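Peer 1: Any chance you can model this:
(one chain, ligands or ions: 1)
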Amino acid sequence: MKTLILSLAAVTGTLLLPADTATQSQPGGRIAEPLRGVAHTSASRSMSQADGPASPRRGSRLSQSPAQPASPIVPDARASDVRVPTSDVRVIDLGHPLRESDPTWTGEKVFTHTASGTPGGVDFFGGRFSADEHFGTHLDAPAHIGGPWTTEQIPVSRFVRPAVCINIEAQVRENVDYQLTLRDVHAFEKAHGPIPTDAVVLIATGWDRYWSEPARYRNARDGVMHFPGISHEAAVYLGRDRKVVGVGIDTPSVDYGPSSQFEVHRTLQPLNIYNVENATGLTTLPPRGFTVIVAPVNIVGGSGGPTRLFALIPATR
Ligand SMILES: [Zn+2]
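Peer 2: Numbering: from 1, shown residues only. Presented below is the predicted three-dimensional model:
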C-alpha cells in the first residue's frame with residue numbers, strides 16, 4: 001500500500017496541483033503530476049444520456065458532441081466534466097505492480113519483461129514487455145464478454161467516478177466461494193445510503209492477501225478455482241437498478257472461482273459496464289465518500305488491459 005498527499009486546487013475550471021508540489025518526489029517514489037484535463041464543474045448531467053448504453057458508439061470524443069463543449073486544455077483529446085474532491089486528498093494505489101511471477105488466470109506465464117542496460121547507468125536504460133490484456137490489475141472492457149465498447153471507446157467520464165466499497169471479508173472468512181448477495185448490497189445501502197447512479201462499486205474480499213502465492217490465489221482443486229465473487233442477483237441490481245459504470249474486485253474475477261457460465265460478466269458487460277479485477281487494498285477503503293481513477297493501457301480494439309487504479313480520499317477522513 002502506497003499513499004501520498006496531494007493538494008488540489010480548482011484553477012479556471014481545471015484541477016491542478018500547486019506548482020511547488022507538481023514535480024516533488026513523494027514517499028514511495030511516486031511523482032505527483034498536475035491533474036490536467038480533469039475539469040471541475042457543479043454540473044451534474046446524466047451519464048446515461050451523455051454516454052450511456054443507449055448510444056454506445058457516441059461520446060467517446062465528447063468534443064464532437066454539440067451538447068458537450070470541447071475541453072480548453074486538450075482540445076483534441078477526449079474530455080469530460082466530473083466532480084472530484086477539491087480539498088487535500090490522500091491517493092491510494094489500488095493496483096499490483098507487475099511482475100513475471102504474478103498469478104495469472106490459467107496459471108501459465110502471460111507477462112514477460114526484459115531490461116537492457118542498468119538503471120542509473122551511463123548508457124540508456126530500457127526495457128521491453130509483453131502481457132495478456134487480462135494480466136495483473138486489469139480492466140475488462142465491456143466488449144470482453146458481450147458488450148459494445150472496446151477499451152479505447154470507454155468515455156473518460158467513466159474512469160474518474162465517485163465510488164463505494166462493500167466489504168465482505170467476514171463472509172469470505174467463512175466461505176472462500178462466497179458471492180456478494182443482494183442482501184449484502186441492501187444492508188450496505190441501509191447503513192451508508194443508496195449507491196449513486198454512475199458510481200464505481202468496489203467489492204473488498206481480502207483475497208489480495210494471497211497475491212504473492214499464485215497457487216493459493218488461484219486456489220484450484222480438480223481443475224476448479226475457488227475464490228469469492230459477486231452473485232448474479234447482486235450484479236443485476238448493481239447494473240440495472242443502480243446503473244453503475246464499473247465494478248472492481250480484489251480477486252481474479254467478478255464471477256466467483258467455480259463459475260463456468262460467468263453470469264456476472266454476461267450481466268454487466270452488455271450494459272457497457274466495465275470490470276476491474278485483481279485489485280488490491282480495497283479492504284482499507286471507507287464505504288463511500290471517495291473518488292476512483294481507473295487508468296487502463298489504452299489499446300485500440302482492446303478487450304481490456306493492465307490498469308492503474310487509484311482512490312482519492314479526502315484527507316480529513
Ligand atoms: Zn473478467
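
Peer 1: Tell me the residues of the stretch 201-317 of the chain that contact the ion?
Peer 2: residue 275 (C-beta under 5 Å from the ion). In this view, the C-beta of every residue, glycine as well, is placed from N, C-alpha and C.

Peer 1: residues touching residue 278, list them.
Peer 2: Applying C-beta atoms under 8 Å, 6 or more residues apart in numbering, one finds that residue 278 lies in contact with 96, 103, 136-138, 208, 211, 250-252.

Peer 1: now with 6 Å?
Peer 2: 136-137 (C-beta atoms under 6 Å, 6 or more residues apart in numbering).

Peer 1: Check residue 300 too.
Peer 2: For residue 300, the contact set (C-beta under 6 Å, 6+ apart) comprises residue 152.

Peer 1: what pLDDT does it get?
Peer 2: Looking at residue 300, its pLDDT is 96.

Peer 1: Check residue 2 too.
Peer 2: Per-residue confidence at residue 2 stands at 43 (pLDDT).

Peer 1: Then the one 4 residues further on?
Peer 2: On pLDDT, residue 6 comes in at 44.

Peer 1: what about the longest helix in the chain?
Peer 2: helix 182-192 (DSSP state H).

Peer 1: ok, and what's touching it?
Peer 2: So helix 182-192 is contacted by 166, 233-234, 237, 287-288 (C-beta under 6 Å, 6+ apart).

Peer 1: what does stretch 141-153 give?
Peer 2: Against stretch 141-153 from outside (C-beta under 6 Å, 6+ apart): 56, 60, 265-266, 269-270, 272, 274, 296, 298-305.

Peer 1: What is the three-state secondary structure of residue 248?
Peer 2: Using DSSP: H, G, I helix; E, B strand; the rest coil, the three-state assignment for residue 248 comes out as strand.

Peer 1: Might one say that it is in contact with residue 277?
Peer 2: No. Checked against C-beta atoms under 6 Å, the pair residue 248 and residue 277 is beyond contact range at 7.5 Å.

Peer 1: Any idea what the residue in the stretch 101-250 of the chain that the ion sits nearest to is bridged to?
Peer 2: Proximity of the stretch 101-250 of the chain to the ion (C-beta to the ion) peaks at residue 140, 3.9 Å away. Beta-bridge partners for residue 140, by DSSP bridges, are residue 275, residue 304.

Peer 1: Distance check, it against residue 246.
Peer 2: Residue 140 sits 9 Å away from residue 246, going by C-beta to C-beta, to the nearest Å.

Peer 1: ok, the two, which is more surrounded?
Peer 2: A direct count of neighbours by other C-beta atoms under 10 Å for residue 140 and residue 246 places residue 140 higher, at 28 against 25.

Peer 1: Which residue is the nearest non-sequential neighbour of residue 298?
Peer 2: Leaving out its chain neighbours, the residue that sits closest to residue 298 by C-beta to C-beta, 6 or more residues apart in numbering is residue 152, at 5.3 Å.

Peer 1: Could you confirm that neighbour falls within a helix?
Peer 2: Yes. Looking at residue 152 with three-state DSSP, it is inside a helix.
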